[in-house]
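1. for reference, the sequence and a predicted model appear below.
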Amino acid sequence: MKKLIALLLVLTMALSLAACGKQEAAAGTSIAVCLASEPDTLDPALNSAVDGATLIAHLFSGLAKWAQDDSGKLVIVPDAAKELVKGVENADGTVTYTYTLRDGLKWSDGKDVTANDFEFAWKRAASEDLGADYGYMFEVVDGYNEGNLNVHALDAKTLQVTLYNAVAYWDELLAFPTYFPVREDVVVNESWATDPSTYICNGAYTMTGWEHNSVITLEKNANYVDADKILMGKIEFYLSDDSNNMVANFKNGTWQLIDDVPTNEMATLKAEYPDEYKVAGQIGTYYVCWNINEDILPAELGLTGVEAEMARAEIRNAISLLFDRNYIVNDIAQGGQVPASSFVAMGMTNPDGTEFYKTAGHNEGFNGYYNVDTAAIESNYNQAIEVLKKYYTFEDGKFTNFPSMTYLYNTSEGHKAIGEYLQAQLAAVGITMNMENQEWATFLQTRKNGDYSIARNGWVADYNDPICFLDMWTTISGNNDVQFGKGNHADVACYNLDLTDLGYDVKVENGTWAETYDVLIKAIKNCTDNTVRYELMHRAEDLLMSTGCICPIYYYTDTYMISKNVHGFFSNPLGYKYFMYCTIDG
């Protein structure tokens, strides 16, 4: 009898829980993942990090989105727009697109999504007042140079935008978070994106919880136009930068996906979890960047201005030759990465189908700007030492008057291990480089402000075109962590640009960064001849790499672990991970 009563109680409780289904995710419809630590921001216009972009892609719906077709191929498809229309070329060469929004689009609070919301969001993201890192992504839109984008809501459901000229990657821009809509009455509250109670969005999920530095909880948005296609009811994004903690939670089944693993456990994890340890392709470059305004010359040289900057560029390039990238990828990173010889990542192609990085640098015998072959280690080292001897005192195999530096990196065992290797290589020739780590959000701000000497960095493509690795270094770019054209560097006139052979009336000798690099990037964005445009991009990378401020280490792969019980997960080469179509066994 007691067993029967207990059984009835269990059944009653089960029925009660089922009745509360709107509040509680059903079994198998909740997933716990860990991508990174506390995001810097979840405002679509202000975010510039891959982990933040992943969350925003679940919370917002732009005109377009990344998806998988029936064969599993990644494609750009319409989202809030009924279709991704073709542009109409105008008599002045501009191109106009007119989009119609789908029926039934709602914000998470039930209000209608309108074309006005897109117009407002784009103009806000591009504005100088907001100062968004990615504001320059709207440079292709007519009116950007005048501070008034040529984008208009013709009515509640029709959005019209005019570009300066045809842009090959326009649809991919529409799928990028910076182009997602926000509502004016929501964002007038400057802290709107930090609290679930004020976080109004229009995507597949709403934010129902944010325990800062602990977990962000997303739940299926009943107002989303395609809610019936969303399979995962709840996603818990746990916040941590401790890879050991990630692995522990994965092993005990608490987290179903982790986006980082300790480098010293990679081989073991790969062997123990052959079906759950993943290494995917990614279009990105892990690199070290210098603050161009950091003075690394000995005071006794007395160099100033152009002469000093040209010397610093030669020094920075020489130091890049001291690092064995093969050792880093094989013995430290261990994730299938490829030693990098250029900044524009492997995976980008030229119009003729050849790989962009293999045609960079114009060097015979190797690709790119450095010979990263193991056979070149000794010659690279000798070349570096000879260059450095021109500027520093060299005694008993070491330089004695190179100023001390500090290497800034965000908290991660992997970043720390690479930093310690770089530190040891420099110490071997007498150069002192101290180490400083900061948590993710603080690190991003410190680097952005230029409050560092030398720092860890990484860049993953925003879309499939080399320009997304190059336009970030213009003077006004919010992603210009090197500080090109800023501070003391603004007045340094030592760069040359000659485009006359390509039909341009542009020839600059001893120009500033703004007079050369910025002009070159503008020419690229205005160019509609693809062969010429790619040649211009190669020249932009040549100029960028000549500064020595970018020291490529390796081309990224995406290493993560995902439970074998999870189905329907996919990611793209930009690093975004998608959980909305996931199901979990059991």
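-> That came in fine, so what should we check first?

2. my read: Leu231 touches Gly568, true?
-> Yes. Counting by CB atoms under 8 Å, Gly568 is a contact partner of Leu231 at 6.4 Å. Bear in mind the C-beta positions are built from the backbone N, C-alpha and C, glycine included.

3. who touches both of the two?
-> Both Leu231 and Gly568 are contacted by 581-583, under the criterion CB atoms under 8 Å, 6 or more residues apart in numbering.

4. want to throw those residues into TSV with distance to Pro262, neighbour count and pLDDT?
-> Below are these laid out as TSV (distance: CB to CB, whole Å; neighbours: other CB atoms under 10 Å; pLDDT from 0 to 100):
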residue	distance to Pro262	neighbour count	pLDDT
Tyr581	30	16	97
Cys582	25	22	97
Thr583	29	14	96
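
5. closest to Ala514 among these?
-> Tyr581 (45.6 Å; CB to CB).

6. what's the following helix or strand after the helix or strand of the chain with the lowest mean pLDDT?
-> When the helices and strands of the chain are scored by mean pLDDT, DSSP states H and E, helix 2-19 comes last with a mean of 33. Scanning forward in sequence from helix 2-19 by DSSP states H and E, the next helix or strand is strand 30-36.

7. helices or strands next to that next one in the packing?
-> helix 50-59, strand 234-239, strand 257-258 (3 or more CB pairs under 8 Å, 6 or more residues apart in numbering; DSSP states H and E).

8. ok, now with 10 Å
-> helix 50-59, strand 215-220, strand 234-239, helix 243-251, strand 257-258, strand 550-562, strand 583-584 (3 or more CB pairs under 10 Å, 6 or more residues apart in numbering; DSSP states H and E).

9. quick check: mean pLDDT of it?
-> Here strand 30-36 scores 97 as its mean pLDDT.

10. measure the nearest residue to Leu105 once chain neighbours are set aside to Leu269 for me?
-> Leaving out its chain neighbours, the residue that sits closest to Leu105 by CB to CB, 6 or more residues apart in numbering is Val113, at 3.8 Å. Val113 is 43 Å from Leu269, where distance means CB to CB, to the nearest Å.

11. the two - which one has more neighbours?
-> Val113 (22 against 18; other CB atoms under 10 Å).

12. the more buried one contacts Asn221, doesn't it?
-> No. Counting by CB atoms under 10 Å, no contact exists between Val113 and Asn221, whose distance comes to 11.9 Å.

13. joint contacts of those two?
-> Residues touching both Val113 and Asn221 by CB atoms under 10 Å, 6 or more residues apart in numbering: 61, 106-107, 202.

14. helices along the stretch 51-200 of the chain, start to end?
-> 115-126, 170-174, 184-187 (DSSP state H, counting those that start in this stretch).

15. could you give the mean pLDDT of the longest one?
-> The average pLDDT for helix 115-126 rounds to 98.

16. now the shortest one
-> Per-residue pLDDT values over helix 184-187 give a mean of 98.

17. any idea how far Asp242 is from Lys157?
-> For Lys157, the distance to Asp242 - CB to CB - is 47 Å.

18. over to Asp331?
-> On the measure of CB to CB, Asp331 and Asp242 end up 22 Å apart.

19. who has more neighbours, those two?
-> Neighbours were counted for Asp331 and for Asp242 using other CB under 10 Å; Asp242 has more, 16 against 12.

20. does that one touch Glu439 like I think?
-> No. Between Asp242 and Glu439 there is no contact, the gap being 11.0 Å when judged by CB under 10 Å.

21. for Phe469, helix, strand, or coil?
-> helix (DSSP: H, G, I helix; E, B strand; the rest coil).

22. for it, what are its contacts?
-> Per CB under 10 Å, 6+ apart, neighbours of Phe469: 283-285, 342-345, 348, 356, 459-462, 537, 540-541, 544, 550.

23. again, 6 Å this time
-> Going by CB atoms under 6 Å, 6 or more residues apart in numbering, Phe469 touches 343-344.

24. how many residues are close by the nearest residue to Val88 once chain neighbours are set aside?
-> Counting by CB to CB, 6+ apart, Val88 lies nearest to Thr96, which is 5.1 Å off, once chain neighbours are set aside. Other residues within reach of Thr96, judged by other CB under 10 Å, total 15.

25. was I right about Thr96 contacting Thr162?
-> Yes. Here Thr96 reaches Thr162: they are 4.6 Å apart, a contact under CB atoms under 6 Å.

26. what's the burial count for the residue nearest to Lys157 when sequence neighbours are not counted?
-> Nearest residue to Lys157, sequence neighbours excluded (CB to CB, 6+ apart): Leu101, at 4.5 Å. Using other CB under 10 Å, Leu101 is surrounded by 24 other residues.

27. is Leu101 in a bridge, and if so with what?
-> Ala81 (DSSP bridges).

28. could you do the one 5 residues further on as well?
-> Assessed by DSSP bridges, Lys106 has beta-bridge partners Asp112.

29. try Tyr286
-> In this entry, Tyr286 is beta-bridged to Gly458, Tyr554, by DSSP bridges.

30. so it sits against Pro552, correct?
-> No. Counting by CB under 6 Å, Tyr286 stays clear of Pro552, with 7.7 Å between them.

31. in space, what's closest to the most centrally placed residue in the chain - neighbours in sequence excluded?
-> When the chain is reduced to its mean C-alpha position, the nearest residue by CA atoms, centre = their mean turns out to be Val460, at 4.3 Å. Nearest residue to Val460, sequence neighbours excluded (CB to CB, 6+ apart): Gly284, at 3.5 Å.

32. that neighbour should be in a helix, yeah?
-> No. Gly284 is assigned strand when assessed by three-state DSSP, not a helix.

33. where do the domain boundaries of this protein fall?
-> 28-261+563-584, 281-557 (automatic domain parsing).

34. quick check: which ranges of the chain have low pLDDT?
-> The chain contains residues with pLDDT under 70 at 1-28.

35. now with 90, please.
-> 1-29, 263, 299, 362-365, 573, 586 (pLDDT under 90).

36. quick one: the strands in the stretch 201-350 of the chain?
-> 205-211, 215-220, 234-239, 257-258, 277-290, 338-339 (DSSP state E, counting those that start in this stretch).

37. quick check: neighbours of the first one in the sheet, parallel or antiparallel?
-> Same thing as strand 205-211. According to DSSP bridges, strand 205-211 has the following sheet partners: strand 215-220 (antiparallel).

38. so the strand it pairs with versus strand 30-36, what angle?
-> Using axes from the mean of the first three to the mean of the last three CA atoms, to 10 degrees, the direction of strand 215-220 lies 140 degrees away from that of strand 30-36.

39. may I see the buried residues of strand 215-220?
-> Residues 216-220 are the ones in strand 215-220 that count as buried (16 or more other CB atoms under 10 Å).

40. residues in contact with it?
-> By CB under 6 Å, 6+ apart, strand 215-220 touches 58, 205-210, 230, 233-238.

41. can you flag the buried ones in these?
-> Buried among the contacts of strand 215-220 (16+ other CB under 10 Å): 58, 205-207, 210, 230, 233-238.

42. TSV for those, including distance to Lys522?
-> Formatted as TSV, these follow (distance: CB to CB, whole Å):
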residue	distance to Lys522
His58	35
Tyr205	38
Thr206	40
Met207	38
Trp210	40
Ile230	41
Gly233	47
Lys234	46
Ile235	41
Glu236	44
Phe237	38
Tyr238	43
